[in-house]
Each structure stands twice: as structure tokens, then as C-alpha cells.
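Visitor: Have a look at this prediction, sequence included:
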4 protein chains.
Amino acid sequence: MDYQRILEEIADEVKPLLKNGVVANYIPELAKIQQDKFGMYLLTLDQEPYAVGDYDEKFSIQSISKVFMLAMAVGKCKEKVYRRVDVEPSGDPFNSLVQLEYEEGIPRNPFINSGALVVTDMLISNLSDPRGEFLEYVNKLTGQDDIRYNEKVAASEKLLGFKNAAMVNLMKSYGNIHNDIEEVLDLYFDFCSIEMTCHELAKAFRVFANHGKGVIDSHRYLTKSQFKRIAAIMLTCGFYDEAGEFAFRVGLPGKSGVGGGIAAILPNEYSIVVWSPGLNRKGNSLAGMKALELFTTKTTSSIF
Amino acid sequence: MDYQRILEEIADEVKPLLKNGVVANYIPELAKIQQDKFGMYLLTLDQEPYAVGDYDEKFSIQSISKVFMLAMAVGKCKEKVYRRVDVEPSGDPFNSLVQLEYEEGIPRNPFINSGALVVTDMLISNLSDPRGEFLEYVNKLTGQDDIRYNEKVAASEKLLGFKNAAMVNLMKSYGNIHNDIEEVLDLYFDFCSIEMTCHELAKAFRVFANHGKGVIDSHRYLTKSQFKRIAAIMLTCGFYDEAGEFAFRVGLPGKSGVGGGIAAILPNEYSIVVWSPGLNRKGNSLAGMKALELFTTKTTSSIF
Amino acid sequence: MDYQRILEEIADEVKPLLKNGVVANYIPELAKIQQDKFGMYLLTLDQEPYAVGDYDEKFSIQSISKVFMLAMAVGKCKEKVYRRVDVEPSGDPFNSLVQLEYEEGIPRNPFINSGALVVTDMLISNLSDPRGEFLEYVNKLTGQDDIRYNEKVAASEKLLGFKNAAMVNLMKSYGNIHNDIEEVLDLYFDFCSIEMTCHELAKAFRVFANHGKGVIDSHRYLTKSQFKRIAAIMLTCGFYDEAGEFAFRVGLPGKSGVGGGIAAILPNEYSIVVWSPGLNRKGNSLAGMKALELFTTKTTSSIF
Amino acid sequence: MDYQRILEEIADEVKPLLKNGVVANYIPELAKIQQDKFGMYLLTLDQEPYAVGDYDEKFSIQSISKVFMLAMAVGKCKEKVYRRVDVEPSGDPFNSLVQLEYEEGIPRNPFINSGALVVTDMLISNLSDPRGEFLEYVNKLTGQDDIRYNEKVAASEKLLGFKNAAMVNLMKSYGNIHNDIEEVLDLYFDFCSIEMTCHELAKAFRVFANHGKGVIDSHRYLTKSQFKRIAAIMLTCGFYDEAGEFAFRVGLPGKSGVGGGIAAILPNEYSIVVWSPGLNRKGNSLAGMKALELFTTKTTSSIF
């Protein structure tokens, strides 16, 4: 299939959408991104890369990092992870405290903020240098050594992160946070501040497309069963309150971030990453959603 | 692959579970079912059938019927269906009125009761004889002509269906029910009262596995895109508050019913139906869930 | 104290407010009321009447009738009433189903719709001719025999009463409605359709100001203790989501209705009724609230 | 009236209840209180004191302190207080975050924790030495100079105060907390840690019974209107989820604390304080509620 042509067609077709949507502006570092950026990167398991647009520009991966957090925690703690965080869709806007209170401090899934905060807490308990080791993990997944936190982004997030602080405190009141609250928050904001390009994210997610085994280093990051669970969570919970919509329109397990990135996989086939900073009402990249929909439609690939 | 042997192994392995779980007992017709029933039926697209246990015994398909309701409505009304019912997981027990009130009468998805009631309302508006035509539709999907409503089951459900009545009334107050409330309720309870065997359900669901096209009659019941959306809804919303769990453990789009049946598909490959009346805490067949998990594990088939 | 002068001053001072607020328009019978109507009637225990404006014009008492329903039910069933309906403020808009579901069919108090529906259900169970006997009760309280239901108003309410129907069904699902749903709804809408003047309501409420004993007929409608509970409920729950505001601004136990009436009492001293059809955002008479606030301020009377 | 005899009768009658209820045990300082303590103190406006039991023993006033916080804030900031905190009953258990999120950071009333935290925040903004000045205020109200915070209680509360921290953070995210979160929490826990005897609390609350004017020092702490609002809030919101019950059974504005104290007033007549550490399911003193009910019944005094 002529993937390169397809990507170029898509870039063309979504161009009119780039001015729609709203760039996240709750912190200055995200607000200043140029709205008309658009990049897309496709990496198949047999390693042929296809790319278009700003695919080599770094952006803030934000919530996409939650997939790395979960993968690392599952690698370390195995099934125990799922005793402290559920795996069901939340059915609620992504910051809601209601459900957390109703379910006595157990987050609905690891991809809402409360769930990722619990996962962060587990990493603190199980790593001697969580900040360093997490970065190392992401670098290794990607096959690089130069991926970094953006401390300025993390600091800005922290300054306004009162809802996240509310959630950690609430979960601590139910005994589901074991470490110091400030430490959990600081680390969580660092984790979300990682900057990567479409290309880099595609390399990291290709490991997931390969059922958890590195394509280049052959390292087994996850067992097949561990991967399957993470893929299921990506499919049912990866897009805030738009998971059903994404499952239908795109039909791939994936994860979006408020920086405008979306990373997705077709197991056994490919990883694909798109970046466009304008967000729709639900907080997902507007043009990014459309681009992936066009891609699975044009290639008739989807898990269904 | 030796599917027949696998089914037999599974029947053996789940036997100790059959006494666990609780048979639905809110109406006498369901309560009297023998708890240790177990049947399983696998139908691949190339028509080889494999079966084990009580696969030829009729049971009340209950909520599995919601897939047929939605398919018929989508065939009639196309995309308009999704203006009156959303496609997102509910994140709440399956009878909750809260979300319905919060979202002003728009059900979260067509597989919770409120959503299926709206779909029923649409069928009334768009068919001249909805009761007869729906039965005809299910019979045609199955390639039979003898599938029937169980009027006694429907009458019992109606007698105790106050929560469903509450939901229809609430939705009517928001303008999302267009027909007479009693008519909607009566028809809905009829739709859920259909009785089928594992074998029959497998035949009907094979049409979905074939992307909406009849395997025998070659009739196109759904376009590929219409099918894809229904499959996505089955995956994200098909198991009440256990959709994420099922997506992980089984990894197939499917739908369960309180009668103990579960129908699932692997697109392009097969339909598979299991029946065991004992339900787990979330209202899904306890042994049925396990049987399907064993099946996709043993065959390493799953959408992921 | 020169009560007559005070009422006239108040009528003057609230005149500019009469054009503010919104007349209830969900049924045609209420929508057609002239917005600038204003009446006020004060009746002290020693029987001197003071009045101003349209105090002799009939209006739809609507929710004020809930006080009569409760009083009659308490007279018949004593403390048992409070086993099926709680006595706590709802803290929620007056139609909410959420709390009802959360508290398993027990309404928060008898002055929200769900609570009044349960009270209606009790009256059906305990009276041979509830429709006739209730009217007789209200007539007797008032010392008249010509107070009537407005069947047209009741019929209009019924036609649009889906939220109330949702609530009755939900409560029936929890076993807290014992009679036929249609019968409960019909009777409830009749009860709310009663038409009275400020003068008539003041006479009826004077019985409450007199701790439940008729001033003229000396009949004991309620024991002192029964009265005290009803007064407490009026104070904490009588004004939808504005009970705290009313307790502060006016400082009297009372009850408002969507027809624009408010009836209140100062125990041992007087009953006072005001009518002005324009409602504020919370569903209480805008000018009526102000008029009562001016009255208790000018007379420095209040329960505090 | 022979108040002394009545108090002694009551002490006798509630004695069997003292072993019921549960002493608050979430912090060690409260848990170690002897359960069978019981004290009661009545102070009329003409200064005759009546007392029984352990009326001269210090206990942790806890939430009763919220009345002092509110009174001081209203004295300083006037009506502006009510722009940042509502005056309606909460209809929910006293720690709930749900309503706070639903109403975008505006607490329902100043007597739930979130409301008192906002009041604390206002005191920080408006006083140069809030910790010292608040203590001075309470001492002056009481006519003493030796009332103190219990730093050990405050420290214990702080150590476990994650739900309160969650609420402050959530309100900060909505802009309704202006000062540093730690500062607000520290001060709030200090305020709640004050220790007073029944006698001392009765002296302080007599100022409220006197409509906000000191009986001995003749200082006007609150205008009559400011007092009226606070009394209305005590009546509708002073007893967590049992305000309606208290309004009926006792019929006095008041406030309870988790230390087992209840302070109440009959405006123009008296203040009355009872202490008994065993709490009922709703968090109010079990024997204390009964004692006050007996008191208003025996003296036939109540605001109704």
C-alpha cells in the first residue's frame, strides 16, 4: 500500500481543520505553540517509516506519558497494579472527583489523572530513583538517550495543579496514596512534561504494536498478556470522554494528550502518531482525530 | 486449529464454576432455569460449526437483543440514530438515572436500558408493524422463521419494570421519546423476551463477524461503516460496568444478557456464543466470561 | 402596630418589582395570569384581618397544597408518615431524581415533588374517598365549603408530568409507592390544582399558627408536636433551593408555590399570605419574597 | 420555671444513653475521652445560671468553632462573606466534594468544612494576626482571657486532614481560596482545636441569644440583621445531615461538634450547651440531642 501518498493526502485534507480547535492555554508553555503545526509518522513492524509535516518537532506529550507510566508500573508490579486502579471507562469528564469519592479512592482507570497519580505513587514505592529511571525507560523504549523532561512545563503545571492536588489528597484520605503528596505531584508533573517528536513516539509505541517486545533491542518490556490489558485500556479509556467515538471513527487502541498528540497502534502491524495542537471540545486533537480516521478508512485497517 | 477439542476442554475447565454465580431471579421465568446449564457454539465464516453442551437449548437472550435493535434502527435511520443516543461507555451501573438527568435525556449508549428504549422508540416511529418486523429481522439474520417472543417473560418484566418506566418518563420530559410511553415499554420488553439457542445466536452474530453482510443470504444488513460503529459500541459498552474487564480478558466485541448468554465476534473470523445462567456481581455470566477468556487465550485470537 | 399601613407601604415598595420575575408558563392555565397581580393578607390569632391588593382573587396554590397533604397524612397516619419520607432539606433543585436513587426511593422531605407523591400514596391507602376527603379537609381548615380543584389545570399538569411519573416509577421500583401509579399521579395533580385566595389561605394557615388547633371551630387538626414537626419542615424545606435564604430574609416557617403564592406563619401570632405571579430563578415569587422580608423587618417579628 | 430541677431530671433520663453512640476516634486526642461524660449549662439573658454534671470540664469544641469563625468574618467583611459561601443546607454528608465540584467551588454554607475553610481564608486576608485575633475574639465573647488552642489536637487533625486538603485545593482551582493552602489548613485546624467548657460556651452563645450584643460588656459583636442570618444558618445547617431532625426535635438554632458538644440558643431568652462524647450515626452527640429535646419539651420553649 502506498502509505506515503496516503499520509500526504491526509495532510492535505486536514489542512482546513488546523485553524479550528483551541490550543491548550492553561499554562503559558502550551499556549504559545503555533496552531497550524501538523505532523504524522507511521512505523510498521518491518521498519519502513512514512512521515509528513512537522513530524520531527518536539511537543509536550502530556497524557500520552500515562501509557509509559502504566507500562513501567506493570513491568515492575505485575497484576498488583490493578488492585489500586480499576480498568473501566470513566464516563465522566477527565478531572471529576465525584466518581473517586463514590468509589472510595479507587480511580476508574490508569489514564484519568487520578489513576496516573496512583501509578506514579507506585513507581515511587518501587524504584530507587523514579525520576531518572522513568526517563531511562522512555529513552530505552524509543531507542534514544536524549529525551528529557521540560522543567518549565512541569513547574507551570504544578503552579495551577490544584485539582490534581485535590485528587491526591482525597485518595490519600482513602489510603490509596502511600508516599508524600508533594513528591507524587512533582513527579507526576515531570512525567507529563516529557517532550518528544512524532517520530520518537512512533518508535516507542511500535514496541506496543509488537505486543510489548522491542523491535530493535528485542527486549521484552511487557508480556503478551500485560500488553493486551494495556491495549484494552487504551481502546476503552484512552480518549477522555470520547473513547467510544475514537473506537468507532478510528478503531485503534491509542492515547491522546492535551499537547495535541495522539499515538495509536494496530497490533502486529504498525504504530502511528499524529500531532496538531488545536483541541476539540473533549480535549483531543481535532485534526489529529480526523487524520487517524482518514488513515484507517483509506487503508481499511482497524481492529474491527 | 482443533476448535472442537478446545471447546470440550473449556467445558471441562469451567464445570466447577457453574455452581458459582447467581441465576437472575427478579422474574419467575428466569429464576426457574437450571443453574448448571452450559452451552457453547462457534461458527467460523467458512461455516464449520463447533459446539459443546446445551448449545441447542433456548434461553432468554434479554439484553443481547439490544444489538439486533440497534442494527435494525441503524439500517432504517442511518446516522440519525446517534443524534438521540450517545456512543460512550456509561461508567455507571446499568440502570442509573443520574447520568440521564445530567445529560438531559440523552442516554450514554444504545446498550444501557435507557438507550435501548430510545432505539425502540425510533423503531416504532419508522416501522408500520415494529413487533412483527423486528421478529422477522431477527429470523432473517438467523436464517430461520421460528424465533419467537416469550410473552410470559415480557409480561413479567413489565409488571416489575418501574425503573425502565422511570427512565422513559424522564426521557419523555426531555423530548427524547416520541411515542406513547406504554407502547415503548411493551415493545421493549417484547424485544428482550426473545428466546434463542447458542446455535441460533451464533448464526445471527456471524452476520456481524462478516461486517454486516449475510454469509448465506448475502444480504447486506449493515454497511461496513455501520458495522464498525456497532462493533466499537459492543467493545466499549457491551458488558455493563465490566466492559474494560471483558475487553482485556476476552478481547472481542460482544454483548451479554441477564439470561446468562454472551455473544461475541472476531471480525472476519468467527462468531461465538456461550450460555451459563449463573451471573457474577456485575450481571454477566460468570462461567461464560471465563469460557470466552479461555477460548481467546487457547486460540490466541483477539482483536489486539 | 399599624399593620394596615405597613401592608400598604409594602404594596407600594414592591410595585416596581412586579414586572420582574417570570410567570410560570409550562402549562397554559398558569401562563395566562396577569403578571402585575399582587395581594397580601394578614390574619392574627385574635382575628383582626389586614389586607391589600388582589387578596380576594383565586390563584393556583400548587405546592402550597403540600402542607395540607402532609397535615392530613400526619393526622391520619401519625409518625408512620416519616418512615416513608425523610425530613431533611434536599440541597438540590426540586425535581432531581439523583438523590431519590441514591437514597433508594426515600424522598428527602415531604415538600419536594417525590415526597408529596409518597404522601399522596399514603392518603390513597388510608382514605376511602381521598379526592373528596382532601377537599373537605382543606375546606374545613379554611372554614368554607366552596374551595375546588381546577380540573383543567390538573389535566394540563398531567399531560406534561413526565418527571413526576419518572419519580413515582422509581419509588415504586423501591417499594415506596403502594398504589397504582396512574391513580397516584392523577390525585397528586388534583391536589396541586386547588385554587384559593390570599384571604382563604390565611384562614387555613392560621390553624397552623395556632399550633394545629382551629381558631374558630376549635377542632384540633394536629397535636402540638405534630405541628412543630411540620413547622420545622416548612422552615428548612419550604422554599425549594432557597430555604436558607428565606429563613434569613423572612425568618418564618412557610411554603411557596409555582403559582406565585407564599403562605407563612409566626406561631402564636399570625398567618400571612402573599401572591405575586412573577417567579425568581429558584421558582419562588420574587415580589412575594421581598414583601414578606419587608413585613418581618418593619414589624421586627420573626422566629429568631 | 424550675430550670435546675429540669436539668437534673434530664441528666437522669439520658444516663442510660451515655453508653450508646460512638466517641470520635479518628485522632487519638478525641478517642481517649471518657464516654460517660455529661454536662449541661443554661444561661438566661437575666444571668441566672443553671448547670448539671461535667459542665466545667474542657472539651474540644471542633465544629462549634465555625459559628465563631463566621461571626468574626461577618463582623469584619459584612455581607461580602456570602458572595463566597452560600447559605443553603447541603443535603449531603458533611465532607462531600461532589456538590463543591458541581457548584464550582462555592460551598453550600459556612458550617460544612469547605465553607469554614473559605471563611478561614477570608480571616487570613482581613486580619494581620488571624491566629491571635481569633482567640482574642472568642475570649472576649466569653468574657475570659484563658481560652486556648490545643496544638496537639490541631496537629493530629492536620496529619489526617486529607479530605480537607482536597477541598481547599479544589476550591483554589476555582479561585475561591486566596491564600496559601497550607496556611489556610493550619489555621482552620487551630480554630477547631479550641477547648471550652459547657459554661464557657454558654457565655459565648448568650451573646448570640442577645441578638449579637454582649450581655456584660454591651459590645455589639453583630448587628441584629447579621445575627439573624447566622441564626437562620444555625437552624438550617447546624447539624450536618440532621438539621431537619434537630429543628423538629429541639426547635432551636444551634451547632454541634464532633467532640460531642452542642450549643444552642433561644433568641431573647437563653443559651444552652450540652456535652456528651458519644455520637450518633450522623456525627451529632446522641445523648446531647436527646437532652436538648427533653429540655425544650419540658419547658415548652422553641422558636416554633
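Guide: Structure received.
Visitor: When you work out contacts or count neighbours from here on, use the C-alpha atoms and nothing else.
Guide: Fine.
Visitor: The helix or strand bottoming out on mean pLDDT in chain A and chain D, are they touching?
Guide: Every helix and strand of chain A was ranked by mean pLDDT, DSSP states H and E. The lowest is helix A:98-102, at a mean of 79. Yes - judged by CA under 8 Å from any CA of the partner chain, helix A:98-102 comes into contact with chain D through A:Val98, A:Glu101.
Visitor: helices and strands around that helix, which ones?
Guide: Counting contacts by 3 or more CA pairs under 8 Å, 6 or more residues apart in numbering or on different chains; DSSP states H and E, helix A:98-102 is packed against helix A:162-173, helix D:98-102.
Visitor: ok, which stretches of the stretch 201-304 of chain A are strands?
Guide: Secondary structure of the stretch 201-304 of chain A (DSSP state E, counting those that start in this stretch): strands at A:254-256, A:261-266, A:270-275, A:278-279.
Visitor: if we can go back for a sec, the helix or strand just after the least confident helix or strand of chain A versus helix A:162-173: what angle between them?
Guide: On the C-terminal side of helix A:98-102, the closest following helix or strand by DSSP states H and E is helix A:113-126. Angle between the axes of helix A:113-126 and helix A:162-173 is 60 degrees (criterion: axes from the mean of the first three to the mean of the last three CA atoms, to 10 degrees).
Visitor: in helix A:113-126, what counts as buried?
Guide: Residues of helix A:113-126 classed as buried: A:Asn113, A:Ser114, A:Gly115, A:Ala116, A:Leu117, A:Val118, A:Val119, A:Thr120, A:Asp121, A:Met122, A:Leu123, A:Ile124 (neighbour count, 16 or more other CA atoms under 10 Å in any protein chain shown).
Visitor: Low-confidence regions, chain A specifically.
Guide: Scanning chain A for pLDDT under 70 picks out the ranges A:91-95.
Visitor: Domain map for it?
Guide: What automatic domain parsing lists as the domains of chain A is A:3-61+A:195-298, A:63-192.
Visitor: got CSV for these, with distance to D:Glu136 too?
Guide: Formatted as CSV, these follow (distance: least, CA to CA, whole Å):
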stretch, distance to D:Glu136
domain A:3-61+A:195-298, 42
domain A:63-192, 32
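Visitor: Tell me which of these sits nearest to D:Leu70.
Guide: For the domains of chain A, proximity to D:Leu70 was assessed by CA to CA; domain A:63-192 is nearest, at 24.3 Å.
Visitor: what's the straight distance from one end of the closest one to the other?
Guide: 6 Å (CA to CA, to the nearest Å).
Visitor: what's the burial count for the residue of the stretch 201-304 of chain A found nearest chain C?
Guide: Here the residue of the stretch 201-304 of chain A nearest chain C is A:Asp241; by CA to the nearest CA that distance is 21.2 Å. A:Asp241: 22 surrounding residues under other CA atoms under 10 Å in any protein chain shown.
Visitor: doesn't A:Lys282 make contact with it?
Guide: Yes - using CA atoms under 8 Å, A:Asp241 and A:Lys282 qualify as a contacting pair, with a distance of 6.5 Å.
Visitor: need the contact list for A:Met196.
Guide: Contact partners of A:Met196, counting by CA atoms under 8 Å, 6 or more residues apart in numbering or on different chains, are A:Glu57, A:Lys58, A:Phe59, A:Ser60, A:Ile61, A:Ile147.
Visitor: which residues in chain A form helices?
Guide: Using DSSP state H, the helices assigned to chain A run over residues A:3-14, A:28-31, A:65-77, A:81-84, A:98-102, A:113-126, A:130-142, A:151-159, A:162-173, A:181-192, A:198-209, A:224-237, A:243-249, A:286-298.
Visitor: Just say which of those helices is most tucked in.
Guide: Highest mean neighbour count among the helices of chain A (mean count of other CA atoms under 10 Å in any protein chain shown): helix A:198-209, with a mean of 28.
Visitor: Would you quantify the distance from A:Met234 to A:Lys255?
Guide: The gap separating A:Met234 from A:Lys255 is 6 Å, by CA to CA.
Visitor: For chain B, which of the strands of the stretch 201-304 of chain A is the nearest?
Guide: Of all those, it is strand A:261-266 that lies closest to chain B, at 7.7 Å by CA to the nearest CA.
Visitor: Sheet partners, orientation included, of the closest one?
Guide: strand A:254-256 (antiparallel), strand A:270-275 (antiparallel) (DSSP bridges).
Visitor: Which of those sits closest to A:Tyr221?
Guide: Short answer: strand A:270-275, nearest of the strands paired with strand A:261-266 by CA to CA, at 16.2 Å.
Visitor: Can I get the buried residues of helix A:113-126 in TSV including distance to D:Leu30?
Guide: TSV is the format used below for the buried residues of helix A:113-126 (distance: CA to CA, whole Å):
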residue	distance to D:Leu30
A:Asn113	35
A:Ser114	32
A:Gly115	34
A:Ala116	35
A:Leu117	32
A:Val118	31
A:Val119	34
A:Thr120	34
A:Asp121	31
A:Met122	33
A:Leu123	36
A:Ile124	33
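Visitor: circling back: roughly how far is the least confident helix or strand of chain A from the heart of the chain?
Guide: Relative to its parent chain, helix A:98-102 has a centroid offset of 23 Å by CA atoms, centre = their mean, to the nearest Å.
Visitor: what do you get for stretch A:20-37?
Guide: Relative to its parent chain, stretch A:20-37 has a centroid offset of 18 Å by CA atoms, centre = their mean.
Visitor: Just grab the bridge partners of A:Leu43 for me.
Guide: A:Pro49, A:Ser271.
Visitor: coming back round to it: so for B:Phe68, which of the domains of chain A sits nearest?
Guide: For B:Phe68, the closest of the domains of chain A is domain A:3-61+A:195-298, at 18.1 Å, according to CA to CA.
Visitor: mind checking the end-to-end distance for that closest one?
Guide: Taking CA to CA, domain A:3-61+A:195-298 runs 10 Å from one end to the other.
Visitor: can you give me the offset of it from its chain's centre?
Guide: With CA atoms, centre = their mean, you get 9 Å for domain A:3-61+A:195-298.
Visitor: how close does the residue in chain A that chain D sits nearest to get to D:Tyr174?
Guide: Closest contact between chain A and chain D, by CA to the nearest CA, is at A:Ala166 (3.6 Å). A:Ala166 is 12 Å from D:Tyr174, where distance means CA to CA.
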